[in-house]
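Colleague: Have a look at this prediction, sequence included:
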Amino acid sequence: MNTSLLSNLHTFVVAAEQLNFSRASDLLHITPSAVSHQMKQLETHLDVKLFVRKSKGVALTNEAKLLYSSVKKAFSEIESGVEKAQAPNTQKLVIAAIPSVVSCVLVNKLAELQALLPNYQIQFISQHHIVNFEQQNIDCHIHFGNGKYANAVAKKLANEVVYPVCAPECD
């Protein structure tokens, strides 16, 4: 695979995530016309239309959605390989959770986790939506719900207690 194609595929992933060539260009530190040019090169190389241009941004074609899934996974694997090569004796543990759990629970437990797992680099990611383990390099996701999620094994951590809280003058 030549470097031009690899570069175009990286630009494609960013453009597909942003659905806007201008925002993608900001993230990539290139001009919007360079993003557009690279996407046209990629479409020509693959002989498939990837984007439908709209007045405010772009939309992915069905073919682009299929390509995005595979290319995103491949870049995640490359990133993981690079990290392993840079720190071969250190493993990475990536935990995703809703922002309130990250800030109120996990951050307070970081020192304890680090003591239990001294050879791990621990990273927390705040996100509201359910993790797609096939597309994201995330090891576990702490989430509220019924535990029935596709392509995931769920373990119940605790019961949730919910009760109303009112101001005193609301008696």
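Modeller: Noted; the coordinates are in hand. Computed from a predicted structure; not experimentally measured.
Colleague: Let me see the ranges of the helices in the protein.
Modeller: With DSSP state H applied, the chain shows helices at 3-18, 21-28, 32-46, 62-86, 99-101, 107-116, listed in chain order.
Colleague: could you say what helices and strands the shortest one packs with?
Modeller: Using 3 or more C-beta pairs under 8 Å, 6 or more residues apart in numbering; DSSP states H and E, no helix or strand is in contact with helix 99-101. All C-beta spots, glycine's among them, are computed from the backbone N, C-alpha and C.
Colleague: swap in the first one?
Modeller: Counting contacts by 3+ C-beta pairs under 8 Å, 6+ apart, helix 3-18 packs against helix 21-28, helix 32-46, strand 57-60, helix 62-86.
Colleague: want to throw these into a markdown table with mean neighbour count?
Modeller: Compiled in a markdown table, the helices and strands packed on helix 3-18 are given as follows (neighbours: other C-beta atoms under 10 Å):
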| stretch | mean neighbour count |
| --- | --- |
| helix 21-28 | 18 |
| helix 32-46 | 17 |
| strand 57-60 | 16 |
| helix 62-86 | 14 |
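Colleague: Just put these in a markdown table and tack on mean pLDDT.
Modeller: As requested, those are arranged in a markdown table below (pLDDT from 0 to 100):
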| stretch | mean pLDDT |
| --- | --- |
| helix 21-28 | 91 |
| helix 32-46 | 95 |
| strand 57-60 | 92 |
| helix 62-86 | 88 |
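Colleague: Reformat the ones you listed as TSV; add distance to residue 168.
Modeller: As requested, those are arranged in TSV below (distance: least, C-beta to C-beta, whole Å):
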stretch	distance to residue 168
helix 21-28	47
helix 32-46	55
strand 57-60	49
helix 62-86	51
